[in-house]
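Asks: With the sequence up front, the predicted model follows.
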Amino acid sequence: MNKIKSEISKIGWCFDNTYARLPKIMLSKLSPIPVKSPKIVVINDEYSKELGLNLSILNNKYLASLLAGNLLPDGSEPIAQAYAGHQFGYFTMLGDGRAITIGEHLGKNNKRVDIQFKGSGKTPYSRNADGRAALGPMLREYIISESMHALKIPTSRSLAVVETGEDVIRETSLPGAILTRVASSHIRVGTFQYIAMKKDIRTLKKLVSYTINRHYPELKNNKNIALSLLKVVIKKQIELVMNWMRVGFIHGVMNTDNMTISGETIDYGPCAFMDAYDPKTVFSSIDHHGRYSYGNQPDITNWNLLRFAETLIPLISKNENKAVEIIKETFNKFNKIYKESWINMMRKKLGLFERKKEDENLINQLLLWMNQNSADYTNTFCYLMGEDFVKDKIYQQLSFKKWYQEWKNRIKQNKKYDNLSVDLMRSNNPLVIPRNQKVEEALESANKNDLKPFNNLLRILKKPYENTKKKEYQLTVPTSGKTYKTFCGT
């Protein structure tokens, strides 16, 4: 055992666990529950090197034990975080029910990240759950999070997935697994809600100070740091959701406990990418009323941020009424800021420089046509970029040709070389996304111990802005009238 620990120490771990020093009310210290016979499914070797880690030192047996939590590296300090959240609009006291953060690793350039095991067993916040995870959902998070990173969208990352050698019971018996997730932190809107509900102002102040020191140190000398934090989180979240809208991503569970203060996408449960453009698109099996549909994501962002603002009222001003007025004034600008950001994002997707009054109408006319004709969101922009794999006859419709000519006339007003417009489009429009049927194929095969489709999909998704020459990853497959559904995995 001493020899194994010696080898683990050579991997390159550098832990500095600041969150564990926060007040006890915010966390519980505990170790992952050992699993029966861990086995490596996938390792993100490229990312491990970015973190300054050399995982190849260990053989697969001991590496699997390390990434399952059976063995822990020196300097780790496992904790489960407490937080709350509005889940589908209803407030609940929560916490890490199946995840344990083993510590904060300082990688290259002293970049601080949380190393977390998801599916590592029961915690004080598990309630009646088993604290475990199934292989399929953990591989889904691996695929989608790594795809989001390649799409240049802020996100948690996936370092590894290991099978546990134990089954978990959901609707059926499924192979268990643990995901090693990496994030700049796991501080959520729900973290602030938890402390606010405890009416612990002293701890709330510490949380605000800690969050600013960790993520936004440039704010720490501002006069009103709580208000400054609110404003920067609003900005970060608008940028994040704008990126989701850009690529047709639907998170599926935009609860306040799934909204990070850092502005990263996190918790990939019933998420998916939209094929045919429709703002009402919902994939989550538990979203019965479309609360978290594609088109609702900006409004839900606003709603969630208001919940965050509520937690900061005592720190924004000692006078509650004054604090509320300051918050109202701040959020009065939200819709205007979002709309301007959205139009600018869509301009880039269409290769438009400068600002023209008619741009908004041009954008909306395209989206209306796409919705009315069930046109593929991703591939329509590919068609506009001249990609020849798109052969859909709908692009021969007179209504589309009329819009196309108006767009071409607008392109001429750019006063830029045409190739610059194409370059702008190519940097904002992916040629490939994680198509739902391809994700399902990969997960089904992985459950049968065949990782070839999974690895092939990962390889294609690593370069989403380059032409793959693989039509099967770019075209949709008819669903025979069935509605595609995704599930949380809990």
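Replies: It's in. Numbering: from 1, shown residues only.

Asks: mind listing the helices in the stretch 351-490 of the chain by residue range?
Replies: Taking DSSP state H, counting those that start in this stretch, the helices of the stretch 351-490 of the chain run over residues 359-372, 377-384, 398-412, 418-426, 436-447, 452-461.

Asks: tell me which strands and helices the shortest one is in contact with?
Replies: With contacts defined as 3 or more Cβ pairs under 8 Å, 6 or more residues apart in numbering; DSSP states H and E, helix 377-384 has these neighbours: helix 359-372. Backbone N, C-alpha and C define where each C-beta goes, glycine included.

Asks: now swap in the fourth one and tell me
Replies: Contacts defined by 3+ Cβ pairs under 8 Å, 6+ apart place helix 418-426 against helix 334-349.

Asks: any chance of the helices of the stretch 351-490 of the chain in CSV, with mean pLDDT, mean neighbour count and distance to residue 348 too?
Replies: CSV is the format used below for the helices of the stretch 351-490 of the chain (pLDDT from 0 to 100; neighbours: other Cβ atoms under 10 Å; distance: least, Cβ to Cβ, whole Å):
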stretch, mean pLDDT, mean neighbour count, distance to residue 348
helix 359-372, 98, 16, 11
helix 377-384, 96, 22, 11
helix 398-412, 96, 13, 13
helix 418-426, 90, 15, 6
helix 436-447, 94, 19, 25
helix 452-461, 97, 18, 21
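
Asks: quick one: which of those helices is nearest residue 124?
Replies: helix 436-447 (31.0 Å; Cβ to Cβ).

Asks: the inter-axis angle of the closest one versus helix 452-461?
Replies: 140 degrees (axes from the mean of the first three to the mean of the last three Cα atoms, to 10 degrees).

Asks: Figure out the length between the terminal residues of stretch 379-394.
Replies: Stretch 379-394 has an end-to-end distance of 12 Å (criterion: Cα to Cα, to the nearest Å).

Asks: Now name the helix or strand holding residue 280.
Replies: Using DSSP states H and E, residue 280 sits in no helix or strand.

Asks: got a pLDDT number for it?
Replies: pLDDT, residue 280: 96.

Asks: ok, it - contacts?
Replies: 290, 293, 294, 295 (Cβ atoms under 8 Å, 6 or more residues apart in numbering).

Asks: mind redoing it with 10 Å?
Replies: Residue 280 makes contacts with 290, 293, 294, 295, 296, 371, as judged by Cβ atoms under 10 Å, 6 or more residues apart in numbering.

Asks: Using neighbour counts, trim those to the buried set.
Replies: Listed as buried from the contacts of residue 280 are 293, 294, 296, 371; burial here means 16 or more other Cβ atoms under 10 Å.

Asks: Out of those residues, give me the two with the largest separation.
Replies: Greatest spacing in the buried ones among the contacts of residue 280, by Cβ to Cβ: 296 and 371 (15.1 Å).

Asks: if we can go back for a sec, from the contacts of residue 280, which land in strands?
Replies: Judged by DSSP state E, strands contain none of those.

Asks: TSV for those, including distance to residue 153?
Replies: Output for the contacts of residue 280, formatted as TSV (distance: Cβ to Cβ, whole Å):
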residue	distance to residue 153
290	23
293	19
294	15
295	18
296	19
371	24
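
Asks: Going by distance to residue 421, which of the residues you listed wins?
Replies: Taking these together and measuring to residue 421 by Cβ to Cβ, the closest member is residue 371, at 24.6 Å.

Asks: which residues sit in contact with the residue most central in space within the chain?
Replies: Nearest residue to the geometric centre of the chain (Cα atoms, centre = their mean): residue 265, 2.4 Å. By Cβ under 10 Å, 6+ apart, the contact list for residue 265 reads 144-145, 148-149, 153-156, 183, 240-241, 243-244, 249, 251, 258-259, 271.

Asks: same thing with residue 107?
Replies: 12, 13, 14, 48, 49, 50, 51, 52, 53, 113, 182.

Asks: what about residue 203, which SS state?
Replies: helix (DSSP: H, G, I helix; E, B strand; the rest coil).

Asks: among the contacts of residue 265, which are in helices?
Replies: 144, 145, 148, 149, 240, 241, 243, 244 (DSSP state H).

Asks: Could you save these as CSV and add columns showing pLDDT?
Replies: What follows is those, written out as CSV (pLDDT from 0 to 100):
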residue, pLDDT
144, 97
145, 98
148, 98
149, 98
240, 98
241, 98
243, 98
244, 98
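
Asks: got these as JSON lines, with distance to residue 401 columns?
Replies: Listed next are the ones in helices among the contacts of residue 265 as JSON lines, based on distance: Cβ to Cβ, whole Å:
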{"residue": "144", "distance to residue 401": "36"}
{"residue": "145", "distance to residue 401": "39"}
{"residue": "148", "distance to residue 401": "34"}
{"residue": "149", "distance to residue 401": "37"}
{"residue": "240", "distance to residue 401": "35"}
{"residue": "241", "distance to residue 401": "33"}
{"residue": "243", "distance to residue 401": "31"}
{"residue": "244", "distance to residue 401": "30"}
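
Asks: thinking again about what came up before, gap between the residue nearest to the centre of the chain and residue 21?
Replies: 27 Å (Cβ to Cβ, to the nearest Å).

Asks: Am I right that residue 380 is in contact with residue 277?
Replies: Yes - counting by Cβ atoms under 10 Å, residue 380 touches residue 277, with 7.3 Å between them.

Asks: shared neighbours of the two, which are they?
Replies: 366, 367, 369, 370, 373.

Asks: OK, contacts around the fourth one?
Replies: This means residue 370. 276, 277, 278, 376, 377, 380, 381, 394, 400.

Asks: Just give the number of residues close to residue 291.
Replies: 18 (other Cβ atoms under 10 Å).

Asks: Which residue is the nearest non-sequential neighbour of it?
Replies: residue 88 (5.9 Å; Cβ to Cβ, 6 or more residues apart in numbering).

Asks: likewise residue 386?
Replies: Counting by Cβ to Cβ, 6+ apart, the residue nearest residue 386 is residue 422, at 7.6 Å.

Asks: Next: residue 113.
Replies: Nearest to residue 113 is residue 182, by Cβ to Cβ, 6+ apart, at 5.0 Å.

Asks: And the strands in the chain, which stretches?
Replies: 27-29, 39-43, 79-81, 84-87, 90-93, 99-106, 112-118, 133-134, 157-169, 173-183, 249-250, 272-273.

Asks: Report the buried residues of stretch 205-217.
Replies: Judged by neighbour count using 16+ other Cβ under 10 Å, the buried positions of stretch 205-217 are 206, 207, 208, 210, 211, 212, 214, 215, 216.

Asks: Out of those, which comes closest to residue 194?
Replies: For those, the nearest to residue 194 is residue 207 (9.4 Å; Cβ to Cβ).

Asks: what packs against the helix or strand bottoming out on mean pLDDT in the chain?
Replies: Scoring the helices and strands of the chain by mean pLDDT, DSSP states H and E places helix 2-9 at the bottom, with a mean of 76. Using 3 or more Cβ pairs under 10 Å, 6 or more residues apart in numbering; DSSP states H and E, the elements in contact with helix 2-9 are helix 60-68.

Asks: packing partners for the helix it packs on?
Replies: helix 2-9, strand 39-43, strand 112-118, strand 157-169, strand 173-183.

Asks: who wins for proximity to residue 456 among the ones you listed?
Replies: Using Cβ to Cβ, the helices and strands packed on helix 60-68 put strand 39-43 closest to residue 456, at 12.7 Å.

Asks: Can you give the strand pairings for that closest one, parallel or anti for each?
Replies: Taking DSSP bridges as the criterion, strand 39-43 forms sheet pairs with strand 157-169 (antiparallel).

Asks: just the CA coordinates of the partner strand, formatted as PDB?
Replies: The C-alpha coordinates for strand 157-169 follow below in PDB (Å, rounded to 0.1, in the frame of the first residue of the first chain):
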ATOM      1  CA  ARG A 157     -14.900  19.200 -17.900                       C
ATOM      2  CA  SER A 158     -14.800  15.400 -17.700                       C
ATOM      3  CA  LEU A 159     -11.600  13.700 -16.700                       C
ATOM      4  CA  ALA A 160     -12.700  10.100 -16.500                       C
ATOM      5  CA  VAL A 161     -15.500   7.600 -16.100                       C
ATOM      6  CA  VAL A 162     -15.000   4.300 -14.200                       C
ATOM      7  CA  GLU A 163     -17.500   1.400 -13.800                       C
ATOM      8  CA  THR A 164     -18.000   0.500 -10.200                       C
ATOM      9  CA  GLY A 165     -18.700  -3.200 -10.600                       C
ATOM     10  CA  GLU A 166     -22.000  -2.700  -8.900                       C
ATOM     11  CA  ASP A 167     -25.500  -2.200 -10.300                       C
ATOM     12  CA  VAL A 168     -27.800   0.700  -9.500                       C
ATOM     13  CA  ILE A 169     -31.500   0.400  -9.500                       C
END
